[in-house]
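> pasting the sequence and the predicted coordinates here, then a few questions.
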Amino acid sequence: MTHFAQLNISGIVKKVIVAEQNFIDNHTKGTWVRTSYNTRGGVHYGQDGNPDSGVALLKNYAGVGYTYVDGVGFHAPRPYPSWTLNSDTYFWDAPIEYPNDEKTYEWNEEIYQSNNALGWVEV
């Protein structure tokens with residue numbers, strides 16, 4: 001069985017199902033694209049959760065609301081206006097790196113927009 005993402009005309013994922021290719025070819029309408037449950041950030045992961053030698057398919061596993069860029073991959077909706085899409089991983093990168101001090105932070109777009117030196121706020 002394989003995972004397939006159904007796309008709307010804008011390339012947005014409407015649903016993800018598990019099916020055989022034959023079912024997709026003969027019993028569905030619209031645009032369907034294969035997606036790999038084990039692919040994240042352009043890397044294929046094995047059952048143990050570690051990267052393996054498997055083929056990474058289309059950057060990330062598709063999710064409802066994700067965007068498909070033809071022949072490149074799937075990415076989640078942009079979480080904040082200031083974040084940019086990483087062309088290697090198809091993850092969204094914050095304009096400021098996440099602090100590396102073992103504390104927990106969340107992004108605050110309003111603070112970032114008013115002072116480009118801040119954005120991560122300790123929770």
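Thanks, I have it. Please read all numbers here as calculations on a predicted model, not as lab measurements.
> tell me the centre residue of the chain?
Centrality entry for the chain: nearest residue to the mean C-alpha point is residue 75, 3.5 Å, by CA atoms, centre = their mean.
> could you find the closest non-adjacent residue to that one?
Distances taken as CB to CB, 6 or more residues apart in numbering put residue 90 closest to residue 75, at 4.3 Å, once the chain neighbours are dropped. In this view, the C-beta of every residue, glycine as well, is placed from N, C-alpha and C.
> now the one you found: how far from residue 41?
Residue 90 sits 7 Å away from residue 41, taking CB to CB, to the nearest Å as the criterion.
> anything in contact with each of those two?
Counting by CB atoms under 8 Å, 6 or more residues apart in numbering, the common neighbours of residue 90 and residue 41 are 59-60.
> ok, the residue nearest to the centre of the chain - contacts?
If you count contacts by CB under 8 Å, 6+ apart, residue 75 has them with 59-60, 66-67, 69, 85, 90-92.
> next one: residue 38
Residues in contact with residue 38 (CB under 8 Å, 6+ apart) are 44-46, 54, 61.
> I appreciate the help and will end here.
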